[in-house]
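**Student:** Need coordinates for the below:
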Amino acid sequence: METTFNLKHIIDQIVKEKGIDRDIVVEALEQAVLSAANKKYRNTRDLEAHYNPEVGEVELFEFVTVVDEVMDSYKEIDLEEAREIDPDVEVGDSLGMKMDASGFTRIAAQTAKQVIIQKVREAERETIFNEFKDRIGELINGVVRRFEKGDLVVDLGRAEALLSNKEQAPREVYRQGDRIKALIMDIRMTPKGPQIILSRTHPGVLAKLFEAEVPEIAEGIVEIKSVVREPGSRSKIAVYSHDSDVDPVGACVGMRGSRVQNVVSELRGEKIDIIPWSEDPARFACNALQPAAVSKVYIDEENKALEIIVADDQLSLAIGKKGQNVRLAAKLTGWRIDIKSETRAAEAELLEFSSYDGATEEAPQEPVEESEAQPLEQGEE
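**Tutor:** Got it, this is the predicted structure:
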C-alpha cells in the first residue's frame, strides 16, 4: 500500500505545488509505464496503460485481435482461447487483457520522473503563455534581474520578460533589483518557452498610467482619444469628457497637479501636455499647439492639411525646440500642420494680391527661414 499512497501523494503534490492540471500528470505516468513496457517487449505488442485512481496505480493492458488462425502470436489470439477469457467474443473483436505491471514499477518511476519534469515544464510554459496573451496592453510591475547586451530581463514573478534597449526610454538607468513598471507589448512562444516583450516607450504606457491615476478615466467618464510621445522628453494626450459637468483636463491634472505629477514622476520627468479633444480639426489643432496661442487657421480638408497663423512672438513657442511641439501636434491630430507667423503670412498674402493685380514680373520673395516655418507631415520623425 506504500507504493499506492506514494503515487497518489506525488500526483497531489505536483498538482498543488506546480499548479499543473491533474490530467497532465496522470497522462505522464501512463506514458512512463507504457514506454517502459514497449521497451521491454520491443514494441511487438499492442499495449495501453491507464491510471486507476481507486487503487492509485497505473494498470497495463495488452490488446489482441480474435482470429480463426493466428499469424502473429503477439497481437492475435484464436477464437477458442479467446472464449476461455470472454465467452461472448467473436472473430474480429479486440480483446483486452490486464498484465502484471509490477515489473515496470522501478523503470516506470525513473521514466515518469523525466516525463513529468518535461510535462510540467511544457504545462507551465503553456499556462504562462495563456495568462499573458490576455494581458497584452496592460501595465505590469517587475524587478530587474539581469542585463543582456543592453536589454533588461525583468522578473514578473511567474515568468521573466524582456525590455529591449530600444523600448527603454532615453536617460532611464536601472540597476539589478530595481522595481520597474512597463507595458506588455507582445508574447511569443519560442523553443525556450514564452517570451514576454515589454515597453517603456509605447504611448500605451502613458495612457495606462493616467487610467490608474484618474478614476474618471477608469470609469469611462473621461476618454483618452489620442496619445503621442517622444519618450523621455515630451508627450501630448488628448482627452474628452462624456459628462458636461466633468472637465477632462482638470480631472487628469488633479488637485494641485497631483495626478499628472505622479505620471510625470513615473516617466522620470517627461513633460506632458494634456489637451482637450475636439471633433473640429481647427479647434483641436489650436489646443494641440498649446502653450502657443493661435491667431488664424486655414483648413484644406481634401489634403487633410492645416495652415496655422500665430503672432510673431508665438512662432518659436508653437514650433517648439527642434520642431517638437508642432511635430507632436501633427501626430496627435492626424493632420499636416504648416505654421506661419503673422508677418510672413501678410507678406505672402501681399505677394499673392500683387500677382493677381497684374504684375508682369513675379515679385521677389525672401526665403523662409527653417526656424520660422516648418510644414510637417503626420508621423514624421
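**Student:** The stretch 51-200 of the chain: strands as residue ranges?
**Tutor:** 57-67, 76-78, 94-99, 139-148, 151-155, 160-163, 179-190, 193-199 (DSSP state E, counting those that start in this stretch).
**Student:** so what strands line up beside the third one?
**Tutor:** The one in question is strand 94-99. Here strand 94-99 has these sheet partners by DSSP bridges: strand 57-67 (antiparallel).
**Student:** ok, and for the strand it pairs with, which residues are buried?
**Tutor:** Across strand 57-67, burial judged by 16 or more other CB atoms under 10 Å covers 57-62, 64-67. C-beta here means a position set from N, CA and C on the backbone, and glycine is covered the same way.
**Student:** just the residues you listed now: which is nearest residue 195?
**Tutor:** Here the nearest of the buried residues of strand 57-67 to residue 195, counting by CB to CB, is residue 58; it sits at 35.6 Å.
**Student:** re earlier: looking at the buried residues of strand 57-67, which is nearest residue 158?
**Tutor:** residue 58 (30.4 Å).
**Student:** Can you tell me the element the spatially closest residue to the closest one that is not a sequence neighbour falls in?
**Tutor:** Spatial nearest neighbour of residue 58, chain neighbours left out: residue 33 (4.4 Å); criterion: CB to CB, 6 or more residues apart in numbering. Using DSSP states H and E, the element containing residue 33 is helix 22-41.
**Student:** ok, the residue of the chain most remote from its centre to residue 64 distance?
**Tutor:** For the chain, the largest distance from the centre (CA atoms, centre = their mean) belongs to residue 80, which lies 64.6 Å off. Residue 80 is 13 Å from residue 64, where distance means CB to CB, to the nearest Å.
**Student:** go on, residue 307?
**Tutor:** 89 Å.
**Student:** Ok, residue 240 next?
**Tutor:** Residue 240 is 74 Å from residue 64, by CB to CB.
**Student:** Then residue 271?
**Tutor:** Counting by CB to CB - residue 271 and residue 64 are separated by 80 Å.
**Student:** pLDDT on the helix or strand containing residue 351, on average?
**Tutor:** Here residue 351 sits within helix 342-356, counting by DSSP H and E. The average pLDDT for helix 342-356 rounds to 74.
**Student:** and if you look at stretch 32-46?
**Tutor:** The model assigns stretch 32-46 a mean pLDDT of 85.
**Student:** List the buried residues of it.
**Tutor:** 32-37, 45.
**Student:** ok, the residue nearest to residue 58 touching residue 101?
**Tutor:** Yes - contact criterion CB atoms under 8 Å: residue 33 and residue 101 qualify, at 6.2 Å.
**Student:** Would you convert the buried residues of stretch 32-46 into a markdown table that also reports distance to residue 207?
**Tutor:** As requested, the buried residues of stretch 32-46 are exported to a markdown table (distance: CB to CB, whole Å):
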| residue | distance to residue 207 |
| --- | --- |
| 32 | 50 |
| 33 | 54 |
| 34 | 52 |
| 35 | 52 |
| 36 | 56 |
| 37 | 58 |
| 45 | 62 |
